[in-house]
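Q: sharing a model prediction with you, sequence too.
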Amino acid sequence: MMFKALACDFDGTLASGDRIGPAALEALAKARQAGLKVILVTGRTFFELTRVCERLELFDAVVAENGAVLYFPREAMIREQGPPPPSRLLSELDQRGIYYQVGRVIVDTARADEPQVREALEMAGVSRDLVYNRAALMLLPAGITKGKGVEHVLRSFGLSFHDTLALGDAENDLALFDACGWAACPGNAVPELKARADWVFSGENGESVAAAISGPIISGLLPARRSPRHRIAVGWVVETSEPATIPARDVNVLIHGDPLSGKSWLVGALIERLLAAHYAVCVLDPEGDYGVLAGLPAVTWAEVCERGALDRALAQFRRDAAACVVVDLSALPHPQKLEMIRAALQSIRDWRRRSGLPHWVFLDEAHYSLHREGVADEVIGLEDKGLCLATYRPSWLKDSVVKALDVFILARATADDELGFLRSRLSHVAPVAEGLLATLPRLPAGEFLMVEPEGQGPAITFVAAPRETIHVRHLRKYADSRVPFGERFLFRRPDGHVLADAQSLHDFRWVVARVEGGILAHHAGRGDFSRWVLDVFSDRELARQLRKTEARWRRGEIPDLRRAVDRLITFRYGTEA
């Protein structure tokens with residue numbers, strides 16, 4: 001279930017004729033039993049609310065007086081969010097014979113009296129916002145709205161607005177809708193709310209809302225991914241320059257492509273855009289590719305080598321409902337990485353069941369941990385959605401993972417095994433299956449094909465959005481600069497005999513292209529290439545990529561080591577051999 005809280009208006013939404021009916025009371029009880037926080041939101045004065053609503057204990061919090069008063073029934077704690085109305089304002093209203101109700105903060109009058117109310121405010125020298133509520137007119141201190149009151153409550157519960165569904169019916173509920181990630185209303189709501197709502201439920205007032213809560217809301221059957229308002233832009237369509245978007249919720253995403261195809265760039269761009277929209281994100285980073293994100297606000301980067309460090313990193317979601325946590329596992333040996341990924345996914349699933357956070361989980365190099373003998377499905381939480389997998393070998397993923405994917409974003413791919421996998425998986429999307437093999441090998445870096453197999457739109461080709469966090473490639477002169485004699489790279493046979501040396505990266509590429517394969521295998525097996533680049537040139541990015549290439553070659557995943565090393569240096573420095 002996507003929602004963790006319901007923010008429900010009283011009059012015209014839950015209540016009819018001053019009372020919440022039996023069906024609505026039962027629905028609220030079911031919602032709390034299902035683990036949702038239920039927040040009552042009303043423009044009524046707090047005193048008046050206690051008179052007409054006898055079951056305040058059904059709510060985890062009450063936002064009364066249009067956001068001016070917060071009440072927490074369990075603790076019997078009440079908080080005013082603004083000052084009481086000045087007596088001289090009430091005196092001016094009395095002199096004009098205007099009927100009003102006074103709350104702890106609010107003054108409630110009739111909408112028909114607006115001209116005289118404005119005159120009274122001016123004569124009293126009092127500043128108050130005028131808020132419409134069907135036939136009522138509410139006088140409130142500046143900045144106080146239902147939405148602001150709900151924001152305070154959500155922070156106190158440690159919940160995100162993205163996981164909150166607002167239910168309302170009148171004009172003053174627009175601010176409530178703005179404060180919540182999702183919005184719905186009964187069929188008799190005012191037109192402005194219907195136009196703003198994600199869903200309009202059939203029927204009227206409490207009966208309509210009760211049926212919706214007991215049915216599709218608790219059961220998780222509302223079609224969240226179809227909402228046009230809840231999408232994240234990842235680039236622009238090549239043919240039309242229109243935004244290319246994916247659903248912000250309720251989908252699992254695969255991002256696939258060859259090394260150096262732009263796959264990691266797009267993953268980073270998607271993370272940045274989710275952060276900008278205040279979604280909580282966790283990145284499980286086996287190879288240390290996403291530490292650059294630590295330069296962004298609200299991002300916590302943690303190098304994790306033991307379980308305690310993992311728990312401390314994930315605890316950030318308890319403090320910040322819009323946090324991004326990058327869990328760097330690159331320092332761990334491969335078997336321990338798998339165990340830590342398993343532990344992280346289990347902890348994340350527990351966190352999500354309790355609080356809904358994080359909204360998105362990114363797993364890089366997903367084929368290492370989600371293969372047929374990898375992490376169990378019940379640990380992954382595929383049905384919880386919000387999972388983004390990045391891999392250059394999707395054919396290794398277990399069938400249950402592949403079947404749970406909703407969006408495919410594909411960069412350049414040339415491996416026959418992977419192209420065959422994509423063709424079989426997308427065979428029922430006829431236009432894609434026919435052109436897929438012909439298109440993907442020729443895609444330039446930075447262009448992507450996006451397919452939603454169960455979606456309503458066609459496959460599109462798009463260019464990736466720009467990134468805030470990018471590495472700046474070194475200038476060509478650094479590839480040609482020569483290092484001191486003692487820092488040369490010596491190409492040796494296993495017996496120690498030196499066959500060639502390199503005093504620059506340009507020299508290094510020239511030798512790699514020509515030296516016998518056994519020499520390359522000897523050095524890659526020892527991790528010499530990445531160590532030399534890091535120690536001598538201090539190029540952490542190239543060293544990291546070379547370290548990954550060496551590890552992949554040792555595992556038998558890269559058949560042509562010579563070409564892989566050459567491409568890395570070319571991409572990083574733009575040199576020619």
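A: Looks like it came in fine.
Q: what kind of secondary structure is residue 461 in?
A: Taken by DSSP: H, G, I helix; E, B strand; the rest coil, the conformation at residue 461 corresponds to strand.
Q: please read the previous query as pertaining to residue 287.
A: The assignment at residue 287 comes out as coil when based on three-state DSSP.
Q: and stretch 354-364, which residues are buried?
A: Residues of stretch 354-364 classed as buried under the neighbour-count rule (16 or more other CB atoms under 10 Å) are 355, 356, 357, 358, 359, 360, 361, 362, 363, 364. (Glycine included, C-beta is placed from N, CA and C.)
Q: distance check, residue 56 against residue 420.
A: Summarising the geometry, the distance separating residue 56 from residue 420, computed by CB to CB, to the nearest Å, is 61 Å.
Q: cool, residue 483 as well?
A: From residue 483 to residue 420 the distance is 45 Å (CB to CB).
Q: of the two, give the one with the bigger neighbour count.
A: Counted by other CB atoms under 10 Å, residue 483 and residue 420 do not tie: residue 483 has more neighbours, with 16 against 12.
Q: quick check: phi and psi at that one.
A: Geometry field for residue 483 lists phi and psi as phi -90, psi 160, criterion degrees, to the nearest 10.
Q: okay, now the unreliable bits of the stretch 1-150 of the chain?
A: Along the stretch 1-150 of the chain, segments meeting pLDDT under 70 span 1.
Q: hmm, back to that, can you lay out the buried residues of stretch 354-364 as TSV showing secondary structure?
A: Written out in TSV, the entries for the buried residues of stretch 354-364 read as follows (three-state DSSP):
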residue	secondary structure
355	helix
356	coil
357	coil
358	coil
359	coil
360	strand
361	strand
362	strand
363	strand
364	coil
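Q: and the two most separated of these?
A: Within the buried residues of stretch 354-364, two members stand farthest from each other by CB to CB: 355 and 364, at 24.2 Å.
Q: what about residue 45, how many neighbours?
A: Burial measure for residue 45: 23 neighbouring residues, criterion other CB under 10 Å.
Q: same check, this time on the one 10 residues further on
A: Close neighbours of residue 55, defined as other CB under 10 Å, add up to 14.
Q: now it. Its backbone dihedrals?
A: As for residue 55, its main-chain torsions (degrees, to the nearest 10) stand at phi -120, psi 50.
Q: then the stretch of helix or strand residue 149 belongs to to PDB, C-alphas only?
A: Assignment of secondary structure by DSSP states H and E places residue 149 within helix 146-157. Output of helix 146-157 as PDB, limited to C-alpha atoms (Å, rounded to 0.1, in the frame of the first residue of the first chain):
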ATOM      1  CA  LYS A 146      -5.000  23.600   6.400                       C
ATOM      2  CA  GLY A 147      -1.900  22.600   4.400                       C
ATOM      3  CA  LYS A 148       0.500  24.200   6.800                       C
ATOM      4  CA  GLY A 149      -1.200  22.400   9.700                       C
ATOM      5  CA  VAL A 150      -0.900  19.100   8.000                       C
ATOM      6  CA  GLU A 151       2.800  19.700   7.200                       C
ATOM      7  CA  HIS A 152       3.500  20.200  10.900                       C
ATOM      8  CA  VAL A 153       1.700  17.000  11.800                       C
ATOM      9  CA  LEU A 154       3.500  14.900   9.100                       C
ATOM     10  CA  ARG A 155       6.900  16.200  10.400                       C
ATOM     11  CA  SER A 156       6.000  15.100  13.900                       C
ATOM     12  CA  PHE A 157       5.100  11.600  12.600                       C
END
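Q: run the chain-centre distance for stretch 536-551.
A: Between the centre of stretch 536-551 and the centre of its chain there are 30 Å (CA atoms, centre = their mean, to the nearest Å).
Q: what's in contact with it?
A: With CB atoms under 8 Å, 6 or more residues apart in numbering as the contact definition, stretch 536-551 has outside contacts at 259, 287-289, 330, 334, 471, 474, 478, 483, 487, 489, 505, 524-525, 527, 529-531, 533-534, 558, 561, 564-565, 568-569, 572.
Q: in strands, which of those residues appear?
A: residue 489 (DSSP state E).
Q: filter the contacts of stretch 536-551 down to the buried ones, ChimeraX style.
A: Listed next is the ChimeraX selection for buried residues among these, using 16+ other CB under 10 Å:
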select :259,287,288,289,330,474,478,483,489,505,524,529,530,531,533,534,558,561,564,565,568,569,572
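Q: among the contacts of stretch 536-551, which ones are in helices?
A: Judged by DSSP state H, the subset of the contacts of stretch 536-551 located in helices is 334, 478, 505, 524-525, 529-531, 561, 564-565, 568-569, 572.
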